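Chemist: okay, predicted coordinates and the sequence, questions at the end:
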Amino acid sequence: MSADGPPLRGRQAEALRNDDRILAAALDVFSEDVGAPMSAVARRAGVGQASLYRRYPRKETLLARVCEHGMTQMGAAAAAARDDDDPGAALGRFLHWLVESGTLRLSGLLGSFAPPAHLFTLAHEVNGAVQALVDRAAGAGRLRPGVTGADLTLIASQIGALHVGDAPRTRELRRRYLALALEGLALARADPLPGPAPGASEL
């Protein structure tokens, strides 16, 4: 049920379900091969090509929507974590979500099309929401000095890129190394980190 109105019914509900399948399939397909054709997305989503092209007439339009959808999810997850009473635990839960959600795969798509202006605005808002989590955890003494949201993005990206060919074992290893990373991030009295955090161009 939508928080802003009554539940969708009939064709509206089916269209929404189809769109969710298309966006999930597009992220899977294009993160594996950004040069893949739209027909590969239709096959993965289980929808007809005509339905796909009615919704997204150009590949660039679909790529932009996939990125918008993923960044919106990331911003919502960061905002939800910010409401947690324990800043350190909230940051840890957000990082677990970030690693397991698959949204970090968006980084491989962003250079493949000309992003519309609103994506830059959305990216700035999401970065701000993540940085707010970092600042809150640091202010509570739960995070070592010098850590930034950009640091967390790169750490989560490295862990999320781990694959061993077996889904349950992959999840287990990702959780193992995220636990180790969180232990290191929590050393509030550690020596200063070497060098500055990565900038936007490096990310």
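Modeler: Right, received. Where do you want to start? Numbering: from 1, shown residues only.

Chemist: if I look at residue 55, how far off is residue 139?
Modeler: Using Cβ to Cβ, to the nearest Å, residue 55 is found at 44 Å from residue 139. Every residue, glycine included, has its C-beta placed from N, CA and C.

Chemist: neighbour count: the two, which is higher?
Modeler: Remark: of residue 55 and residue 139, residue 55 carries more neighbours, 15 against 10, as counted by other Cβ atoms under 10 Å.

Chemist: residues contacting the more buried one?
Modeler: 18-19, 22 (Cβ atoms under 8 Å, 6 or more residues apart in numbering).

Chemist: mark which of the residues you listed are part of strands, please.
Modeler: Using DSSP state E, the subset of the contacts of residue 55 located in strands is empty.

Chemist: contacts only, for residue 94.
Modeler: Applying Cβ under 8 Å, 6+ apart to residue 94 gives the contacts 77-78, 81, 130, 133.

Chemist: right, I mislabeled it, should have said residue 198
Modeler: 150-151, 154.

Chemist: ok, 7 Å please
Modeler: By Cβ atoms under 7 Å, 6 or more residues apart in numbering, residue 198 lies in contact with 150, 154.

Chemist: ditto for residue 160
Modeler: Residue 160 is in contact with 99, 104, 174, counting by Cβ under 7 Å, 6+ apart.

Chemist: where does the residue positioned nearest the centre of the chain land on pLDDT?
Modeler: Geometric centre of the chain, nearest residue: residue 103, 2.8 Å, by Cα atoms, centre = their mean. With respect to pLDDT, residue 103 scores 91.

Chemist: may I have the helix or strand harbouring residue 120 exported as PDB, CA atoms only?
Modeler: Assessed by DSSP states H and E, residue 120 sits inside helix 117-139. Only the C-alpha atoms of helix 117-139 are listed here, as PDB (Å, rounded to 0.1, in the frame of the first residue of the first chain):
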ATOM      1  CA  ALA A 117      20.900  17.400 -14.200                       C
ATOM      2  CA  HIS A 118      18.500  16.000 -11.600                       C
ATOM      3  CA  LEU A 119      20.800  13.000 -11.100                       C
ATOM      4  CA  PHE A 120      23.600  15.300 -10.000                       C
ATOM      5  CA  THR A 121      21.300  16.900  -7.500                       C
ATOM      6  CA  LEU A 122      20.100  13.500  -6.200                       C
ATOM      7  CA  ALA A 123      23.700  12.300  -5.900                       C
ATOM      8  CA  HIS A 124      24.600  15.400  -3.800                       C
ATOM      9  CA  GLU A 125      21.600  14.800  -1.500                       C
ATOM     10  CA  VAL A 126      22.500  11.100  -1.100                       C
ATOM     11  CA  ASN A 127      26.100  11.900  -0.300                       C
ATOM     12  CA  GLY A 128      24.900  14.400   2.300                       C
ATOM     13  CA  ALA A 129      22.600  11.800   3.900                       C
ATOM     14  CA  VAL A 130      25.500   9.300   4.200                       C
ATOM     15  CA  GLN A 131      27.900  12.000   5.500                       C
ATOM     16  CA  ALA A 132      25.300  12.900   8.100                       C
ATOM     17  CA  LEU A 133      25.500   9.300   9.400                       C
ATOM     18  CA  VAL A 134      29.200   9.500   9.500                       C
ATOM     19  CA  ASP A 135      29.200  12.800  11.400                       C
ATOM     20  CA  ARG A 136      26.700  11.500  13.900                       C
ATOM     21  CA  ALA A 137      28.700   8.400  14.600                       C
ATOM     22  CA  ALA A 138      31.900  10.500  14.900                       C
ATOM     23  CA  GLY A 139      30.200  12.900  17.200                       C
END
